[in-house]
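In: predicted structure and sequence below. I'll ask about it afterward.
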Amino acid sequence: MSAPAPRPYRSYVYAYPHKTAYRPLTGRPELAALWAGEPKDALSLYAHIPFCEVRCGFCNLFTRVGAPDELTTRYLDALDRQATAVREALGDRDPVRFATAAFGGGTPTFLTAAELERLCDIAEKRMGVDLRAVPLSVETSPATATADRLALLADRGATRLSIGVQSFVEAEARAAVRPQRRADVEAALGRIRDTGVPVLNIDLIYGIDGQTERSWRVSLDAALAWRPEELYLYPLYVRPLTGLGRIKDPAAADRAWDEQRLRLYRYGRDHLVAHGYEQVSMRMFRRADAGPAGPDDYACQTDGMIGLGCGARSYTSALHYSFDYAVDMREVRSIIDVYTETEDFSRAEHGYGMTGPEARRRHLLQSLLQAEGMPVAGYEERFGSSPFADFGPDLARFEGYGWLDADAPSGLLRLSPEGLAHSDGLGPELFSAAVRAAMAAYEAK
Ligand code: SF4
């Protein structure tokens, strides 16, 4: 008999390896050397704005609440210095071109309209991104999606606005997320639609204390009423203290919560599919008649990423790097302070080397977690070996759990619906021993 399948909700693998595996880089390599041999004709730019107006109950992103003493100005000053240094490091020997851009966080629209204008200027004038010619995605929140900010972003070329609503049910928003009035959320969505920006994405969360299929449907239907081009359904990751917290045995409480989340996931997935959405990954759904509008959440071609800001990662083919990482509020603040005081941005500080085997893992992970699956030939062409030879025991185990689609066309490695439902259990199964050890050592800090 095969071993029981791992728990369905272990971690969201949106990038491999996780930043908790990064370490200070010996010799702080120069960016110019790191980028010297890299293709630079289709780069992605990501600018990270680590500020929010409130801290959501479930959030483990790199962000802080508020920005006292003109911190946003100092942050943008540092971002400007970093952009100048990075662009210089990219050099002019090869053509440098950006194919996509995104502002994320935190909440980029925590910045005022004038500050957002400056951010766009940095992307264009320092980095050379033609924002009106490439897909530009910006994250926002109900309270900060004001008409002046949205108009500025639309004018500068935003093609996608993504808003974290989480729940349209006020009691649920209060319980697990952040207090917000539904009328305010609806008004923000109206302002976003008024901009005419082509893609609206709405984030929703399931697994909130007391959430049922019926209340989940209220949120799903409220979101669907806006006909968003994209919807992300996220499982909640911070166990509610009330409700489930009353179950004394923690293992039983976890099991009950897993069951609730799986139930709500399936309900949400079926509801969206019945309303004309295609499933792109466990979390992402796209309106079938909307057409693709930018990179998917697990886009494979994520080498060639330039991250600006203290929480952003950058990827070359051989190295993933960033600044120091934290979630604890005090540490986040001190990392932001160090960033704003930095003058020399010409070197990589923290990172993880992408050796051959790690690059294979990353490719397998990021393609397998997409609903459309992984063409085996693409893997073989890129790495000169077969995924079955490289990951035989893992794939056999997944098959034993019923996670692989036995009816996938030949040459396609694809998850079954249950495999997709267990994406957050499957992903960590593919972490290398070295990445696991580095992550465990970080957690223990
Ligand atoms: S708005 Fe987003 S980044 Fe900010 S605290 Fe909430 S979930 Fe985290």
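Out: Right, received. Where do you want to start?

In: and the lengthiest helix in the chain, which residues are buried?
Out: Secondary structure of the chain per DSSP state H: the longest helix is helix 250-274. Within helix 250-274, the residues scored as buried using 16 or more other Cβ atoms under 10 Å are 253, 257-258, 260-262, 264-265, 267-269, 271-272. Yep, even glycine has a C-beta here, placed from its N, CA and C like the rest.

In: which stretches of the stretch 151-300 of the chain have low pLDDT?
Out: The model of the stretch 151-300 of the chain has pLDDT under 70 over residues 177, 239-248, 291-300.

In: just the closest residue of it to the ligand, please.
Out: In the stretch 151-300 of the chain, the residue that lies nearest the ligand is residue 164 (5.2 Å; Cβ to the nearest ligand atom).

In: what values do phi and psi take at that residue?
Out: For residue 164, the backbone dihedrals are phi -90, psi 100 (criterion: degrees, to the nearest 10).

In: just the CA atoms of stretch 84-100, as CSV, please.
Out: C-alpha atoms of stretch 84-100 as CSV (Å, rounded to 0.1, in the frame of the first residue of the first chain):
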residue,chain,number,x,y,z
THR,A,84,20.2,53.6,-12.4
ALA,A,85,22.7,51.0,-11.1
VAL,A,86,20.9,48.0,-12.6
ARG,A,87,20.5,49.6,-16.0
GLU,A,88,24.2,50.5,-16.0
ALA,A,89,25.0,46.9,-15.1
LEU,A,90,22.9,45.6,-18.0
GLY,A,91,25.2,47.6,-20.4
ASP,A,92,24.6,48.5,-24.0
ARG,A,93,26.5,45.9,-25.8
ASP,A,94,23.4,43.8,-26.4
PRO,A,95,20.0,45.3,-27.0
VAL,A,96,18.1,45.7,-23.7
ARG,A,97,14.4,45.3,-24.0
PHE,A,98,11.6,44.7,-21.6
ALA,A,99,8.6,42.5,-22.5
THR,A,100,6.5,42.9,-19.4
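
In: avg pLDDT for that stretch?
Out: Taken as a whole, stretch 84-100 has an average pLDDT of 95.

In: contact partners of it?
Out: By Cβ atoms under 8 Å, 6 or more residues apart in numbering, the residues outside stretch 84-100 that reach it are 30-32, 34-36, 39-45, 126-130, 134-137, 294-295, 306, 308, 344-346.

In: filter those down to the ones in strands?
Out: Applying DSSP state E to these, the entries found in strands are 43, 44, 45, 136, 137, 306, 308.

In: is the second one in contact with residue 305, as I believe?
Out: By that I understand residue 44. Yes. Residue 44 lies in contact with residue 305 (Cβ atoms under 8 Å); the separation is 4.8 Å.

In: would you mind listing what in this structure touches the ligand?
Out: 52, 55, 56, 59, 61, 63, 105, 106, 107, 141, 164 (Cβ under 6 Å from any ligand atom).

In: among those residues, which lie within helices?
Out: Those of those lying in helices (DSSP H): none at all.

In: buried ones from those residues, can you make that a ChimeraX selection?
Out: Buried members of those, defined by 16+ other Cβ under 10 Å, are picked up in ChimeraX with:
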select :52,56,59,61,63,105,106,107,141,164
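
In: of all the residues of the chain next to the ligand, which comes closest to residue 434?
Out: residue 61 (24.9 Å; Cβ to Cβ).

In: what comes up buried for the helix or strand containing residue 118?
Out: Taking DSSP states H and E as the definition, one finds residue 118 inside helix 113-121. Neighbour counts over helix 113-121 (16+ other Cβ under 10 Å) mark 113, 115, 116, 117, 118, 119, 120 as buried.

In: about what we covered before: which ones among the residues of the chain next to the ligand lie within strands?
Out: 52, 105, 164.

In: could the residues you listed go into CSV alongside distance to residue 174?
Out: Formatted as CSV, these follow (distance: Cβ to Cβ, whole Å):
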residue, distance to residue 174
52, 17
105, 22
164, 15
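
In: sorry, back to before: what sits up against the helix holding residue 118?
Out: By Cβ under 8 Å, 6+ apart, helix 113-121 touches 47, 49, 72-73, 76, 79, 103, 108-109, 111, 131, 146, 148-149, 151-153, 156-157.

In: buried among the residues you listed? Need that as a selection in ChimeraX.
Out: Of these, the buried ones go into a single ChimeraX selection, burial set by 16+ other Cβ under 10 Å:
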select :47,49,72,76,79,103,108,109,111,131,149,152,153,156,157
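
In: out of the contacts of helix 113-121, list just those in strands.
Out: Within the contacts of helix 113-121, residues falling in strands by DSSP E are 47, 49, 103.

In: pLDDT score assigned to the second one?
Out: pLDDT for residue 49: 97.

In: what residues of the helix or strand containing residue 183 count as buried?
Out: Taking DSSP H and E as the definition, residue 183 sits inside helix 182-195. Buried residues in helix 182-195, counted by 16+ other Cβ under 10 Å: 182, 185, 186, 188, 189, 191, 192, 195.

In: mind giving me the packing neighbours of that helix?
Out: Judged by 3 or more Cβ pairs under 8 Å, 6 or more residues apart in numbering; DSSP states H and E, the packing partners of helix 182-195 are helix 147-156, strand 160-166, strand 199-206.

In: mind checking what secondary structure residue 93 has?
Out: coil (DSSP: H, G, I helix; E, B strand; the rest coil).

In: on that earlier part again, helices or strands up against the longest helix of the chain?
Out: Using 3+ Cβ pairs under 8 Å, 6+ apart: helix 250-274 touches strand 199-206, helix 213-224, strand 230-235, strand 277-279, strand 284-287, helix 417-421.

In: can you redo these as JSON lines with mean neighbour count?
Out: Compiled in JSON lines, the helices and strands packed on helix 250-274 are given as follows (neighbours: other Cβ atoms under 10 Å):
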{"stretch": "strand 199-206", "mean neighbour count": "23"}
{"stretch": "helix 213-224", "mean neighbour count": "18"}
{"stretch": "strand 230-235", "mean neighbour count": "22"}
{"stretch": "strand 277-279", "mean neighbour count": "18"}
{"stretch": "strand 284-287", "mean neighbour count": "21"}
{"stretch": "helix 417-421", "mean neighbour count": "19"}
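
In: how about these in JSON lines, adding distance to residue 10?
Out: Shown next, in JSON lines, are the helices and strands packed on helix 250-274 (distance: least, Cβ to Cβ, whole Å):
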{"stretch": "strand 199-206", "distance to residue 10": "17"}
{"stretch": "helix 213-224", "distance to residue 10": "22"}
{"stretch": "strand 230-235", "distance to residue 10": "11"}
{"stretch": "strand 277-279", "distance to residue 10": "21"}
{"stretch": "strand 284-287", "distance to residue 10": "19"}
{"stretch": "helix 417-421", "distance to residue 10": "13"}
